[in-house]
Structures are given as structure tokens and as C-alpha cells.
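Participant: Requesting a structural model of the entry that follows:
(chains A, B, C and D)
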Protein chains: 2
Amino acid sequence: MQSFTEENYLKIIYHLSESNNTVQTNAIAEQIQTKPASVTDMIKKLADKGFVDYIKYQGVTLTDRGRNAAIDIVRKHRLWEVFLVDKLNFKWDEVHEVAEELEHIKSEALIERLDEFLGFPKSDPHGDPIPDKNGRFAKTQFIKLIDLKIGDGGTITGVSQHSSAFLKHLEKLGLTLGKQIQITDVTDFDGSMEILVANKQINISREVAKHILISTNGKN
Amino acid sequence: MQSFTEENYLKIIYHLSESNNTVQTNAIAEQIQTKPASVTDMIKKLADKGFVDYIKYQGVTLTDRGRNAAIDIVRKHRLWEVFLVDKLNFKWDEVHEVAEELEHIKSEALIERLDEFLGFPKSDPHGDPIPDKNGRFAKTQFIKLIDLKIGDGGTITGVSQHSSAFLKHLEKLGLTLGKQIQITDVTDFDGSMEILVANKQINISREVAKHILISTNGKN
DNA sequence: TTATTTTTTTAGATTTACCTAAAAATAATA
DNA sequence: TATTATTTTTAGGTAAATCTAAAAAAATAA
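Facilitator: Okay, here's the model as predicted:
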């Protein structure tokens, strides 16, 4: 059984592994809000316990054991988010911090019964897939909104940023999960995008477009 | 904001305060499963922070601040127990340990919305009263089953022991909350009690009778 | 390819909550 | 009241997770 802190490291390393194969010390430090020296210490500990493979100065990769542990935490996090939104009427921008705490509650029975209570949801309020109790989940094929071309369209099925500020902004723009969108123009000057949502034309910055995930249905 | 550990100390001191005015170091150590020396350390810290009044060798009492903090934790614990039993179909003997973890989740919004979701329950699965958000709750007037005399009767409205072993035993005997009981005999030899429950005669030990709380309606 | 910058690690401290062993205070008993 | 037993505290230490400052390795630029 891992400590609260070890669980956080595993989770962060797991998320960072999605974009880079091996994960750098500094990247972990930044995510976990701590100093690189502390990360090195913890990495050694995780390596000793068999959760990560570690080569000095080269970064870490999760072992199968580590990945399973991480996925288990991600499962808990996302199930709690569904609970908070579906049952307690939290908004999608209010759930992240609380779920960060709830994900560390150690009870197999709790999480299985919560899963059942929620109707075995397949994705969380941000569109992220929820692993089942065996750690399996559909690897969803998303494309970033920013990578679409003029004329392309699709459905908003996820976001890759969970900060309250970002999500509130999306909410205001009407860019919530399930919405159909279409690219109508891309501004040469700053790369911002004109998109059509719910019969309205809106303009979004590159920074916003980077973090919206689309399942396409348009001419690709 | 208190640490996980500080919260546990406050909660234990609060519970021990219900039977004794000032709380002894050893009593805390026993409850919290730690050594008296560690308790002394923590007590000093809590005194520095203004949660308890402490006189060396004399024990501690909660300050108003300490009592409020403790009641807040008790509120969370009991609300989570209701959630586990009412929504996730846990049995009353399965909820204590998980609630011990959940009670430390720090989110005012979470607990207020949970309270609402549960319909503002007044008592938990063991019959203990749930403080409202201002810390107020009815001081219920219980009498211990063991203090009843032959012929006395009443309703089981609480238990003063939350261990799984004890609660499972009660379940097996049919002694659950809300059940009407009546004392039909008290054995001279070992002080065990014959009681009438659901038209059946059963015998319970003094140890069991000590931890069953009754609201009386019979001849007192 | 050398020099510079960045990244990572080591070494040594700090804080929190705990421990053991011994001393001091209080309570109980002879 | 003196002695014994119990309770509580002090003193000094440990483990987990962090830190700062400096050294070492790797990556980048001149």
C-alpha cells in the first residue's frame, strides 16, 4: 500500500507518460509543486518499491505495477468527479480539487459500490475515460481543436486542462461537452479560430483551442 | 486549518469529554493507538494553537474553538456514514473505518451539498445525532440497556460501540435501531439479561447490554 | 570542441508525528 | 506518613517528505 504522497507521484508520472515516454525530474517537480531535489528522493523510493524504472539523469518510466497503481488512482479520481457533478450538483470546474483528496480514500468496497451507484459511467465530467475495476478503458481517439482545418467539424468530447479558470471560460463561450462545432476561419495574424457553435460565430485563442478535444465527423 | 492528525486528536478528546470533564493523557493514547509520550507532544501543540486548555499532569479540556473543530469532524463522519448506508448499501458495521478517512476531506461545499443530498439527516446509522452546519444538535436522553429493571421497556435508539464485531452480533440477535424491547429477567449469576424482542426471548451479556442505548417508554 | 546553460543529483537540514528510556509528579497502599 | 505503583512528562532519536546550496552530468550554443 502506497502513501498519499507516493500515490500523487504515480498519478503525475502516469499523466506525463501520455505525452513523453520517459518522464523528466523537472516535469514532475513542476506538476507536483515541489523541488527537483525532492523528486529525485521520491523517485528512488518508488524505484526501490518497483513502481518505476529509473536511470540516473535519464528520467523514469512506470513499471506494470506502477501503471496499475496509477490507473487505480485515476479511476477513483474520475468516479468521484462524476459523483460530485451528477449527485451533488457541482459544476465541472469545481470538482478537481476535492477529487484530488477523495481519490486517496483507501477502500476497494467503497469505490466498487460508488461505481455501481453512479451506473458504471464510462467518462468523467471532462470527457476523460474511466478505467473499469480491471484498469481497462477505451483509448479514445481525440484530435485537438487547434489541429482542425477550415471546414472541419466535430463534437467536443474532452478537455486537456482542468483548471477552474479554463473551464469557466469554456462555459461562458458555450463550449461544453457534446456541443457540435465547425471551423469557419483561422486568423492569419494570431492563429485564433472562428468557430460555429449553436448557430453562433465565436472567436477562440490558440491557447484555448489547444486544450479542447474533438471527435471529428467532418471532411478530414 | 488542522492536520489530519490534529483532527483525530480533537475528535477523540471530544468523545472522551462526554464521560469525563478533563481528559487524561493515557485515555487519549489508548484511543488513538499511540504512546502517552506522543500524546503529550501533540497536546502541547494543540494548546499552543488554542484548541485545548492544558495543565501539566492534570489533563486537557477543549476550548470553544477546539470543540467547534471537533464537532465539525463528527458532523462529517456521521454524514458520510449515512451516505455509505443509505446510498451505497453498506451495512452499519461496515462504515466506521471508511468514514474515519472521509471525515478528513476538507471542503465546506462538499459537506453542505452532501448534507442536502442526504436530506439533512438528524442521526447516523448507529443512532448518533448529526450536528447541523452550525454545530447544533439535540442532546439525546438515552439510558443504557443495562440500567433498566425487570419490566422496563423501550426502543433501541443507539449504540455506544461501533466495532464491526459488536454490531454484527447485535444484527444476529435482531437488536437493531428502532426495535422495541422489554426486560423480562436479570440473571443473578452473571448479570446477563433476558429480553423480549420481536416476540422472542433472548439472553444478552452485561457487556452487550452496556453498549445498547434505549429511549424508554416503560415504567421507570 | 570548448564554453555555457540547463537539468539532475548529492549532502546536509528541517518539520511532523512518532518512538524508547528515564525522570518527575501524582495517586494509592501499607 | 512512608512506600509503592501509576501516570505523565522530558530528553533524545527515528522515518517520511520536504527544503537549500553546491556538485555533477547532460544538453545546447558559440
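
Participant: got the end-to-end distance for stretch A:128-148?
Facilitator: Its start and end residues considered, stretch A:128-148 measures 20 Å (Cα to Cα, to the nearest Å).

Participant: and the residue positioned nearest the centre of chain A, backbone torsions?
Facilitator: The residue lying closest to the centre of chain A (Cα atoms, centre = their mean) is A:S160, at 5.5 Å. Dihedral angles phi and psi of A:S160 (degrees, to the nearest 10) take the values phi -110, psi 30.

Participant: need the contact list for it.
Facilitator: By Cβ atoms under 8 Å, 6 or more residues apart in numbering or on different chains, A:S160 lies in contact with A:K144, A:K210, A:H211, A:I212, A:L213. (Each C-beta comes from the backbone N, C-alpha and C, glycine too.)

Participant: Low-confidence ranges, chain A, go.
Facilitator: Of all residues in chain A, those with pLDDT under 70 make up the ranges A:217-220.

Participant: Show me which residues of it are close to DNA strand D?
Facilitator: A:3-6, A:32-35, A:37-38, A:41-42, A:45, A:56-57 (Cβ under 7 Å from any atom of the strand).

Participant: what about the helix or strand containing A:H169, near chain B?
Facilitator: Per DSSP states H and E, A:H169 falls inside helix A:164-173. No - between helix A:164-173 and chain B, judged by Cβ under 8 Å from any Cβ of the partner chain, nothing touches; the nearest distance is 12.7 Å.

Participant: Would you mark the buried spots in that helix?
Facilitator: By neighbour count with 16 or more other Cβ atoms under 10 Å in any protein chain shown, helix A:164-173 contains the buried residues A:F166, A:L167, A:H169, A:L170, A:L173.

Participant: From those residues, pick the one nearest B:L16.
Facilitator: Checking the buried residues of helix A:164-173 against B:L16 with Cβ to Cβ, the nearest one is A:L167 at 44.7 Å.

Participant: If we ignore the residues flanking it in sequence, what's nearest that closest one?
Facilitator: A:D93 (3.5 Å; Cβ to Cβ, 6 or more residues apart in numbering or on different chains).

Participant: Please identify the helix or strand for the one you found.
Facilitator: According to DSSP H and E, A:D93 maps onto no helix or strand at all.

Participant: Repeat that for A:E6.
Facilitator: With DSSP H and E as criterion, A:E6 is part of helix A:4-17.

Participant: tell me the angle that helix makes with helix B:4-17.
Facilitator: 140 degrees (axes from the mean of the first three to the mean of the last three Cα atoms, to 10 degrees).

Participant: So which residues make contact with helix A:4-17?
Facilitator: By Cβ under 8 Å, 6+ apart, helix A:4-17 touches A:2, A:23, A:27-28, A:31-32, A:39, A:42-43, A:45-46, A:49, A:51-52, A:60-62, A:66-67, A:69-71, A:73-74, A:77, A:103-104.

Participant: Can you say which of those residues are buried?
Facilitator: Listed as buried from those are A:2, A:23, A:27-28, A:31-32, A:39, A:42-43, A:46, A:51-52, A:60-62, A:66-67, A:69-71, A:73-74, A:77, A:103-104; burial here means 16+ other Cβ under 10 Å.

Participant: what does chain A have sitting close to chain B?
Facilitator: A:84, A:87-90, A:94, A:97-98, A:101-102, A:105-107, A:109-110, A:113-114, A:117.

Participant: For B:K200, see how far away A:D72 is.
Facilitator: 46 Å (Cβ to Cβ, to the nearest Å).

Participant: So the two - more neighbours on which side?
Facilitator: Higher neighbour count among A:D72 and B:K200: A:D72, with 20 against 9, using other Cβ atoms under 10 Å in any protein chain shown.

Participant: Wait, that one touches A:G135, no?
Facilitator: Yes - using Cβ atoms under 8 Å, A:D72 makes contact with A:G135 at a distance of 6.9 Å.

Participant: any chance you could map the strands in chain A?
Facilitator: Taking DSSP state E as the test, the strands found in chain A are A:52-55, A:59-62, A:143-144, A:153-159, A:180-186, A:193-197, A:200-204, A:212-216.

Participant: can you redo those strands as a markdown table with distance to B:S123?
Facilitator: Below are those laid out as a markdown table (distance: least, Cβ to Cβ, whole Å):
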| stretch | distance to B:S123 |
| --- | --- |
| strand A:52-55 | 47 |
| strand A:59-62 | 46 |
| strand A:143-144 | 51 |
| strand A:153-159 | 41 |
| strand A:180-186 | 49 |
| strand A:193-197 | 49 |
| strand A:200-204 | 51 |
| strand A:212-216 | 46 |
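
Participant: Could you find the closest non-adjacent residue to A:R206?
Facilitator: A:G191 (4.6 Å).

Participant: That neighbour touches A:E207, doesn't it?
Facilitator: No - if you go by Cβ under 8 Å, A:G191 and A:E207 don't touch, sitting 9.8 Å apart.

Participant: report the angle between the axes of the longest helix seen in chain A and helix A:4-17?
Facilitator: The residue-count maximum for a helix in chain A (DSSP state H) belongs to helix A:64-82. Going by the same axes, to 10 degrees, helix A:64-82 is angled at 90 degrees with respect to helix A:4-17.

Participant: could you say what helices and strands helix A:64-82 packs with?
Facilitator: Applying 3 or more Cβ pairs under 8 Å, 6 or more residues apart in numbering or on different chains; DSSP states H and E, one finds that helix A:64-82 contacts helix A:4-17, helix A:96-102, helix A:108-117.

Participant: how far does the second one sit from the chain's center?
Facilitator: Spelled out, it's helix A:96-102. 13 Å (Cα atoms, centre = their mean, to the nearest Å).

Participant: Which positions within that helix qualify as buried?
Facilitator: For helix A:96-102, by 16+ other Cβ under 10 Å, it's A:H96, A:V98, A:A99, A:E101, A:L102.

Participant: swap in the first one?
Facilitator: Applying a neighbour-count criterion of 16+ other Cβ under 10 Å, one finds A:E6, A:E7, A:N8, A:Y9, A:L10, A:K11, A:I12, A:I13, A:Y14, A:L16, A:S17 buried in helix A:4-17.

Participant: Pick out whichever of those residues sits closest to DNA strand D.
Facilitator: A:E6 (5.6 Å; Cβ to the nearest atom of the strand).

Participant: mind checking how far the closest one is from A:V159?
Facilitator: Separation of A:E6 from A:V159 (Cβ to Cβ) stands at 27 Å.

Participant: near DNA strand C, which residues of chain A show up?
Facilitator: Counting by Cβ under 7 Å from any atom of the strand, chain A sits next to DNA strand C at A:24-27, A:36-37, A:39-41, A:43-44, A:54, A:56-59.

Participant: Who wins on neighbours among the residues you listed?
Facilitator: A:V39 (24 neighbours).

Participant: shouldn't that residue be in contact with A:Q33?
Facilitator: No - using Cβ under 8 Å, A:V39 makes no contact with A:Q33, being 10.8 Å away.
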